[in-house]
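Peer 1: Give me a model of this one.
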Amino acid sequence: MRRPTGPGPFLLVGTALSLALTACGGIGGTDTEAATEVDTTGFTYGDVPTENQRGPSIDESQMPPEPERGAPRHEINAHNALVKVSEMNWTADPDATSECPPDVDLHVEKSYSCVVTYMGEEFEYLVELDEELSSENHAAERARLVTGPIIVEQLEHTIRVYSLLPYVDCGFEGEVAIAVLDEHVSTCTALDGATGETKEYEITYGLSGTAVTPL
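Peer 2: Presented below is the predicted three-dimensional model:
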């Protein structure tokens, strides 16, 4: 029997391969695209800012008036506590309140706490006796925040400024997080929804507010 000649069998194989690739969507088709889809569950999306446009300022019209001259010490401390909490994010809450206990003898008690309610959360402001500056007839004070607020939306904005990535997850629930001064607060992750690239940032809290450190 005479064997067939010419390129016939090779053309058939090539045609079959072409049909198979077409049926599967071709090289780089839907299966490959599905495999590279990035999971953004748990991340919050936002536009990537080109710079952090928010500066250190606060809307004074939404802040309570300063206590009158000669006001009781606990009223002055309550006002100072509210101002300090507000300035940690440079954001006023017109519904915020602040209370300090009246008639506390610091020579006896050594310290007391004020409570600031800000954006629905409570924060502690500690007033202590400054023994070095005190005398028998005068109780000098020093005061500091023990816990302070982090406005989650503002923190996410800051992470986008650092990372230039749109998706951010800092692990917080709600609009405001309670942070303890001088302690690690959380780790924020920024995500590129197209490539899956991630960047991480450590969040700590100090006297000047939130500090962001790339990891």
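Peer 1: how about the residue nearest the centre of the chain, secondary structure?
Peer 2: By C-alpha atoms, centre = their mean, the chain has its centre lying nearest to Leu155, at 3.1 Å. Under DSSP: H, G, I helix; E, B strand; the rest coil, the three-state class of Leu155 is helix.
Peer 1: and the closest residue to Pro149 other than its chain neighbours, what are its bridge partners?
Peer 2: Nearest non-adjacent residue to Pro149, counting by C-beta to C-beta, 6 or more residues apart in numbering: Val176, 5.2 Å away. Just so you know, the C-beta spots here come from the backbone N, C-alpha and C atoms, and that holds for glycine as well. Val176 has the following beta-bridge partners by DSSP bridges: Ile151.
Peer 1: Leu155 is in contact with Val176, correct?
Peer 2: No - in this structure, Val176 is not within contact of Leu155 by C-beta atoms under 8 Å, at 10.3 Å.
Peer 1: What's the end-to-end length of stretch 86-104?
Peer 2: 25 Å (C-alpha to C-alpha, to the nearest Å).
Peer 1: and it, how far out from the chain's middle?
Peer 2: Its chain's average C-alpha position is 21 Å from that of stretch 86-104, according to C-alpha atoms, centre = their mean, to the nearest Å.
Peer 1: try stretch 191-199
Peer 2: Offset of stretch 191-199 from its chain centre (C-alpha atoms, centre = their mean): 19 Å.
Peer 1: Could you do stretch 107-126 as well?
Peer 2: When C-alpha coordinates are averaged (C-alpha atoms, centre = their mean), stretch 107-126 and its chain have centres 23 Å apart.
Peer 1: Could you list the low-pLDDT ranges of this protein?
Peer 2: The chain contains residues with pLDDT under 70 at 1-35, 51-56.
Peer 1: What residue spans form the domains of it?
Peer 2: Per automatic domain parsing, the structural domains of the chain span 44-52+151-214, 60-147.
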